[in-house]
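[1] could you look at this predicted model? Sequence included:
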Amino acid sequence: MNRPTQFAALCVATALFISGCASAAESPTGLAPTTDSGSNQTDVAFAQMMIPHHADAIAISEALLESEGVRDEVAELAHNIIKSQRSENVAMAEWLTAQDAAVPNDAPVVDASTEDIAALTPGEREDAFLAAMISHHEHGVMMADNAAAKGGSDFMVELEREMSAAQSEEIATMQSWLDS
């Protein structure tokens with residue numbers, strides 16, 4: 001297996017593994033993450049699974065940005081992923097705290113080694129990043145859509161819908177870059 005494929009496979013496997021486990025930032029939804037009487041176990045489980053899922057996307061993006069030769073548009077996407085998913089993690093952690101629910105550790109599970117990434121050519125590096133992030137986002141969209149359909153918290157359902165829409169747009173952009 002070549003290095004780009006190994007990197008992409010590692011990222012995808014980590015994302016699938018995580019998903020199988022049942023400073024204050026502004027809330028992405030604009031809603032306050034307060035105690036929510038309509039919340040249910042779907043809302044709590046989603047937030048508890050999505051925080052580490054986001055941490056992996058952040059780690060993968062940061063590893064890419066530590067390497068040289070990344071095209072400006074790919075670097076901008078990686079920066080946007082880091083910013084939006086950190087903000088969403090803060091919002092979900094605050095919401096979980098308000099529900100008296102456990103807040104998971106947001107340490108990434110994925111081992112996005114900068115040495116492995118640096119061994120790739122810039123084109124291989126970007127392709128591996130895009131392929132891994134597409135798969136990661138597809139799984140995130142599936143999780144968000146499922147939770148939005150079954151959740152009871154207005155705050156969480158709105159956040160889940162926003163995540164799904166944003167990541168769906170990013171998937172389309174990344175796929176167009178891989179196809180060109």
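    Good, I have the coordinates.
[2] select the longest helix from the chain.
    Identified as the longest helix of the chain according to DSSP state H is helix 122-150.
[3] next secondary structure after it?
    Moving toward the C-terminus from helix 122-150, the next helix or strand (DSSP states H and E) is helix 154-179.
[4] tell me what that next one is packed against?
    For helix 154-179, the packing partners by 3 or more Cβ pairs under 8 Å, 6 or more residues apart in numbering; DSSP states H and E come out as helix 41-65, helix 72-98, helix 122-150. Heads up, the C-betas are built off the backbone N, CA and C, glycines and all.
[5] buried ones in it?
    Residues 155-164, 166-168, 170-171, 174 are the ones in helix 154-179 that count as buried (16 or more other Cβ atoms under 10 Å).
[6] I'd like to know which of the residues you listed is nearest to His139.
    Of all the buried residues of helix 154-179, the one sitting nearest His139 is Gln167; the distance, using Cβ to Cβ, is 9.5 Å.
[7] could you identify which of the helices and strands packed on helix 154-179 is most buried?
    helix 41-65 (a mean of 22; mean count of other Cβ atoms under 10 Å).
[8] hey, what's the angle from it to helix 122-150? Just curious.
    170 degrees (axes from the mean of the first three to the mean of the last three Cα atoms, to 10 degrees).
[9] state the mean pLDDT of helix 41-65.
    For helix 41-65, mean pLDDT is 94.
[10] mind checking pLDDT for Leu159?
    Value for Leu159, per-residue pLDDT: 96.
[11] I'd say it and Asn89 touch.
    No. Here Leu159 does not reach Asn89: they are 10.9 Å apart, not a contact under Cβ atoms under 8 Å.
[12] stretch 120-135: how far from the chain's middle?
    Distance of stretch 120-135 from its chain centroid, counting by Cα atoms, centre = their mean, to the nearest Å, is 16 Å.
[13] so what's the residue most central in space within the chain closest to, chain neighbours aside?
    The centroid of the chain falls nearest to His54 when counting by Cα atoms, centre = their mean (3.3 Å). In space, and not counting its chain neighbours, His54 is closest to Gln85: 4.0 Å by Cβ to Cβ, 6 or more residues apart in numbering.
[14] in this structure, which helix or strand is least confident?
    When each helix and strand of the chain is scored by mean pLDDT, DSSP states H and E, helix 3-20 comes last, with a mean of 42.
[15] and Leu96, what does it touch?
    When contacts are counted by Cβ atoms under 8 Å, 6 or more residues apart in numbering, Leu96 touches Val44, Ala47, Gln48, Ala102, Val103.
[16] and the gap between the first one and Ser168?
    If you measure Val44 against Ser168 using Cβ to Cβ, to the nearest Å, the figure is 24 Å.
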